[in-house]
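Peer 1: mind looking at a prediction? Sequence and model below.
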Amino acid sequence: MAKGKGKVAKPPRGAQRRADKTSDTSEYDGYEPEPFLYDEEEKILASLVFLGSAALYICTMYPGLPGGDSGELMATAKDFGVSHPPGYPLFTTMAAIMIHLFPIGTCAWKLNLMSSTIAGLTNMMMFINVKRFSGSDAAGVLAAGWCGFSRVFWMWSIQGEVFSLSNLFIMVIMYAAWRFANAEGRSGKFYEAKLGALICGLSLTNQHTSVLYIAPTALWVLFTLYNYDLADTYSLFQVGLRGLAGLSPYLQLPISSIFFKARVSWGDHRLFSDFKKHLLREDFGTFRLVSSSEQSTLWDNFMVYFNDSKTELTIAVWILFVVGMLIGLTLGSKKQREVMLIYMAMFGTYHLVFDSLANIKNPSGIFHGVLERFWLQPSLALCCVAGCGVGMIFQFLKEKANCPALKYLFLSLAVIAIGYQIQHNYEDCHENDNYFFWHFSRHILDQLPKRSILLTSGDFSTNTFRYHTIGEEYRTDVMVMDMQFMQAYWFYIMLMPINFPDVSFPGLYKPGKESKYPFYNLKKFLDENFDKYPIYMCVEVPKAEDSIEGYYEAWPFGMCKVFVRVSDNRDPLEHVTSMPWINLEKYPLPDLDRYEPQTWEYTMAMSMLETYSKPATWLWNRANSMTDQALKKKYYETAMNMMVENRKHVFDMVEKGLVTKNVVYYISPLEKRLGHLSLIFYSMTRREDPEMASYWTAECKKYYTNYVEWHRDSVLRKDFMWDTINSIIKLEDFSGIQFD
C-alpha cells in the first residue's frame with residue numbers, strides 16, 4: 001500500500017488556517033442547522049403542550065400582586081430601575097416592555113401573564129428535549145406535564161418572578177447540548193458552539209445558578225472543539241464573543257443609573273465598583289443563598305431536596321431517573337450516551353455546588369419556601385432524564401410489538417397521568433382569586449394620614465408597599481423608606497432627591513445608641529422629622545436601635561406602629577381605643593389549612609392575626625411596670641376586654657364564612673394570653689373577693705384548655721398547661737407576668 005493511502009489529512013490549524021482564507025471559508029459553509037421541529041405531528045404536539053399548559057397557568061395565575069420579591073421586581077421594571085442583586089437585567093427589560101406596551105391589565109397582572117406564558121414555553125422545551133433523546137412523543141408529553149404541573153413548578157409559574165425565565169433557560173441549555181452533540185462536522189460543531197455560548201450568556205443575565213449547568217457543558221464543548229481542531233485563538237474568540245453578546249443585558253444597570261430616574265433601584269451603577277458589587281451579590285454573600293452565618297452540610301441539603309422531590313414528583317420519578325440514566329449510558333447510541341453524560345453532569349454539579357453553599361440550616365417556614373425555588377432547576381434535569389428513560393422503554397416496547405399504534409396508547413396514558421397531576425395539585429395552585437397581598441398593603445396604606453413616612457424592612461412588607469405606591473401609583477403621598485436602603489450611600493444620591501426631597505437625613509443611617517457624623521441613628525432621624533411628618537414603622541424596631549429609649553416610643557397602630565414623643569404625655573388608653581383595626585369583612589384572611597408555613601400567604605395571615613393581641617400585649621406590659629394599683633388594674637381590664645372583643649370578632653367572621661374554621665389553630669396564642677390575664681386577675685382578687693377569684697380560676701382553665709386543644713402541637717403543650725393550673729392551686733402571684 002502506498003504511503004499515506006486511505007488517510008484523511010487533518011484540516012489546517014491556527015495561523016495556517018487564518019492565512020488560507022479560501023479554505024477557512026469553505027470549512028464552515030454548507031452546514032444546515034437541525035430544524036427546531038421535525039414534522040407536522042411534532043409541531044402539533046409541541047403547540048398543544050405550550051398552549052395547553054400556558055392556558056391553564058393563565059387561568060390559575062394571581063390576578064394581582066403575589067408575595068415575596070414580585071412587588072419589588074414589578075415596581076423596579078416600571079421605572080426601568082435595578083432589582084436586588086444580581087440585578088436580573090433581562091427579566092427587568094422584558095418586564096418593562098410588557099408593562100409599557102401591553103395594552104390591558106395592571107403591572108402585576110401583566111407580569112403574571114408573562115411568567116405564565118414563559119412557563120408554557122418551558123414545558124414545550126421539556127417535550128422537545130425528551131422527544132429528541134428518546135424518539136417518543138408520549139414520554140415528552142408526560143415529562144412536560146408531570147413536571148410542569150407539580151406543585152412547586154405550578155406555583156412559581158403563575159406569578160411575576162424570575163424563576164419561570166430561569167427554568168426556560170435551563171431547558172434551552174439542555175436542548176443546545178443535544179444540538180451540539182448531534183451537529184455534524186467541524187462547521188456544525190462551530191455553529192452550535194457559538195449559538196450555545198449566546199444562550200448561556202443570556203441565561204446568566206437572569207439567574208446566576210444557571211452557571212452550574214453551564215460549567216460542565218462548557219468544559220465538554222471545549223474538549224469537543226479541541227478534538228475537532230477548533231480550539232485555536234480565532235475560533236475560541238468567536239465563541240467567546242457570542243457569550244459576551246449574551247451578557248449584554250447587563251448594560252441595563254449603568255443605563256438605568258445614568259438615564260433613568262427610577263423611584264426604586266439598587267445601587268449607583270455609574271461606578272464600576274457598585275456594578276461589580278451588585279453583579280457578585282456581595283451584600284448577600286457572593287456564594288451564599290442568604291446573608292447568614294449559618295452552615296449546613298451538602299448531605300443535609302441534598303436529603304431535604306430528595307425528600308421534597310419525593311413529595312412533589314413521587315418516588316417513581318427518581319426510579320425512572322435511575323432507569324433513564326442506566327439505559328441512556330448502556331444501551332443508547334454514542335450520541336445518546338454523550339448527551340446523557342452531560343445531563344448527569346449538569347444535575348450532579350448543581351447539587352454538589354449549590355447544596356454545599358446553600359446556608360439555610362434546617363429550613364422551615366418561609367425559609368423552606370425560599371430554598372424550594374432553587375430546587376426547580378435540578379428537578380428539570382431529574383424529570384428530563386426520567387422522561388428519556390420512559391421514552392426509551394416506550395420505543396423498545398413499540399418495536400418489539402411491531403405495532404406503531406402503540407404510540408397512541410402511550411400518549412393516552414401520558415395524558416391520563418397529567419390529568420391526575422393537575423387534579424392532585426389544582427387546589428393548592430389555583431390563585432385566580434388571591435388578592436390577599438393586595439388587601440394587606442391597601443389596608444395599611446388606607447389607615448395612614450397624608451404625607452406620612454412609613455419605615456419598612458424586609459421583603460414581606462416593603463415590596464408590597466413599593467408595588468402599590470409605584471406600580472399602581474396608589475397613595476403616592478406616603479413616603480415608603482426601606483431602612484436597609486437608608487444604610488447605603490447610594491440611597492442619598494439616587495433615590496432621596498426623587499422620592500424624599502423635603503425629608504431631612506442627617507448623614508448615613510446606622511442603627512445604635514451612639515451616632516457620630518457622618519452617621520445618624522433613629523433618634524436623630526426622628527428629631528429632624530417628627531414635627532414635619534407623622535412617622536410610622538411596619539416592622540419591629542431593630543434590636544440594635546436603642547437610641548430612642550426615653551425620647552420616643554413605638555405605639556401599636558393597626559398593623560404598624562406610630563412613633564410618639566415621650567415628652568408629649570399622650571394617653572395610651574385613649575390611643576388603643578381610637579386606633580384602626582383589621583377589617584376582616586373587607587380584607588379576609590387566607591385559608592390557613594391550604595397555605596403551608598413556607599408560603600407568603602401563611603406569613604401574612606399570621607402577621608395579621610398577631611396584630612389582634614399586640615395592643616393588649618402592649619398595655620399589659622406597660623401595666624407591669626406601674627406602681628399605681630388602680631391604674632394598673634384599669635390597664636389589665638382594658639387589655640382583657642380588647643382580647644375578648646377581638647376573639648369574639650374572629651368567631652363572628654367564622655360564622656359569616658369570611659374566615660375558615662381552622663383559624664382557631666392559629667389564634668391559640670390568644671387563648672394562652674387570655675389565660676395569663678385570668679391568672680393575673682385571680683391573683684389580684686383571691687384575698688379580697690374569693691368568689692371572683694373562683695370565676696377567674698374557671699376562666700383560666702377554659703382558656704388554657706382551648707389553647708391545648710387548638711394548638712397543633714398540643715401534645716407538647718399539655719405539660720405546660722397543667723404546670724400552670726397547678727400554680728394556681730399554689731396561690732402564686734402572677735401580676736408581673738410578661739407576654740411571650
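Peer 2: The structure has been received and is ready for your questions. Numbers count the residues shown, from 1 in each chain.

Peer 1: mind checking how far residue 580 is from residue 640?
Peer 2: Relative to residue 640, residue 580 is positioned 21 Å away (Cβ to Cβ, to the nearest Å). Every C-beta, even on glycine, is put in place using the N, C-alpha and C of the backbone.

Peer 1: these two: which is more packed in?
Peer 2: residue 640 (20 against 14; other Cβ atoms under 10 Å).

Peer 1: quick one, what contacts that one?
Peer 2: Applying Cβ atoms under 8 Å, 6 or more residues apart in numbering to residue 640 gives the contacts 616, 674, 677, 681.

Peer 1: highest neighbour count among those residues?
Peer 2: Of the contacts of residue 640, with other Cβ under 10 Å as the count, residue 616 tops at 27 neighbours.

Peer 1: quick check: which element contains that one?
Peer 2: Per DSSP states H and E, residue 616 falls inside helix 614-624.

Peer 1: so the helix or strand just after that helix versus helix 614-624, what angle?
Peer 2: Counting by DSSP H and E, the next helix or strand C-terminal to helix 614-624 is helix 629-655. Between the axes of helix 629-655 and helix 614-624, defined by axes from the mean of the first three to the mean of the last three Cα atoms, to 10 degrees, the angle is 160 degrees.

Peer 1: picking up where we left off before, and the helix holding residue 616, C-alpha only, in PDB?
Peer 2: Below are the C-alpha coordinates for helix 614-624, written out as PDB (Å, rounded to 0.1, in the frame of the first residue of the first chain):
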ATOM      1  CA  LYS A 614     -50.500  43.300  70.100                       C
ATOM      2  CA  PRO A 615     -52.200  46.300  71.500                       C
ATOM      3  CA  ALA A 616     -53.400  44.300  74.500                       C
ATOM      4  CA  THR A 617     -49.900  42.900  74.900                       C
ATOM      5  CA  TRP A 618     -48.500  46.400  74.800                       C
ATOM      6  CA  LEU A 619     -51.000  47.600  77.500                       C
ATOM      7  CA  TRP A 620     -50.300  44.600  79.700                       C
ATOM      8  CA  ASN A 621     -46.500  45.100  79.600                       C
ATOM      9  CA  ARG A 622     -46.900  48.800  80.400                       C
ATOM     10  CA  ALA A 623     -49.100  47.900  83.400                       C
ATOM     11  CA  ASN A 624     -46.500  45.600  84.800                       C
END
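
Peer 1: give me the element the spatially closest residue to residue 220 that is not a sequence neighbour is part of.
Peer 2: Nearest in space to residue 220, with sequence neighbours left out and distances taken as Cβ to Cβ, 6 or more residues apart in numbering, is residue 342 at 5.4 Å. Assigned by DSSP H and E, residue 342 belongs to helix 334-357.

Peer 1: now, which of the contacts of residue 640 lie within helices?
Peer 2: Within the contacts of residue 640, residues falling in helices by DSSP state H are 616, 674, 677, 681.

Peer 1: put together JSON lines for the residues you listed, with pLDDT on each row.
Peer 2: Formatted as JSON lines, the ones in helices among the contacts of residue 640 follow (pLDDT from 0 to 100):
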{"residue": "616", "pLDDT": "83"}
{"residue": "674", "pLDDT": "80"}
{"residue": "677", "pLDDT": "78"}
{"residue": "681", "pLDDT": "80"}
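
Peer 1: need the residues you listed in JSON lines (columns: distance to residue 401).
Peer 2: JSON lines is the format used below for the ones in helices among the contacts of residue 640 (distance: Cβ to Cβ, whole Å):
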{"residue": "616", "distance to residue 401": "73"}
{"residue": "674", "distance to residue 401": "70"}
{"residue": "677", "distance to residue 401": "75"}
{"residue": "681", "distance to residue 401": "81"}
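
Peer 1: circling back to that earlier point, could you report the pLDDT at the residue nearest to residue 220?
Peer 2: For residue 342, the model assigns a pLDDT of 96.

Peer 1: next: residue 185.
Peer 2: For residue 185, the predicted pLDDT is 88.

Peer 1: can you list the weak-confidence ranges in the stretch 51-200 of the chain?
Peer 2: With pLDDT under 70 as the threshold, the stretch 51-200 of the chain has no low-confidence stretch at all.

Peer 1: for it, what spans make up the helices?
Peer 2: Assigned by DSSP state H, counting those that start in this stretch, the helices in the stretch 51-200 of the chain fall at 70-78, 89-101, 107-134, 137-148, 151-157, 163-182, 185-204.

Peer 1: quick one: the last one to chain centroid distance?
Peer 2: The gap between where helix 185-204 is centred and where its chain is centred comes out at 31 Å by Cα atoms, centre = their mean, to the nearest Å.

Peer 1: and if you look at stretch 673-687?
Peer 2: 44 Å.

Peer 1: residue 248: neighbour count?
Peer 2: 14.

Peer 1: try the one 5 residues further on
Peer 2: Around residue 253 there are 26 other residues, counting by other Cβ under 10 Å.

Peer 1: which SSE is residue 564 in?
Peer 2: Using DSSP H and E, residue 564 sits in strand 560-565.

Peer 1: contacting residues around the nearest residue to residue 105 once chain neighbours are set aside?
Peer 2: Spatial nearest neighbour of residue 105, excluding adjacent residues (Cβ to Cβ, 6+ apart): residue 113 at 7.0 Å. Counting by Cβ under 8 Å, 6+ apart, residue 113 makes contact with 58, 61, 98, 102, 105.

Peer 1: if we can go back for a sec, any chance of the helices of the stretch 51-200 of the chain in TSV, plus distance to residue 506?
Peer 2: Formatted as TSV, those follow (distance: least, Cβ to Cβ, whole Å):
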stretch	distance to residue 506
helix 70-78	27
helix 89-101	33
helix 107-134	35
helix 137-148	53
helix 151-157	42
helix 163-182	41
helix 185-204	41
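
Peer 1: out of the ones you listed, which is closest to residue 459?
Peer 2: Residue 459 sits nearest to helix 70-78 of all the helices of the stretch 51-200 of the chain, at 7.4 Å, using Cβ to Cβ.

Peer 1: so how far is that closest one off the chain centroid?
Peer 2: Averaging C-alpha positions (Cα atoms, centre = their mean) puts helix 70-78 14 Å from its chain's average.

Peer 1: helices or strands next to that helix in the packing?
Peer 2: helix 89-101, helix 107-134, helix 459-466 (3 or more Cβ pairs under 8 Å, 6 or more residues apart in numbering; DSSP states H and E).
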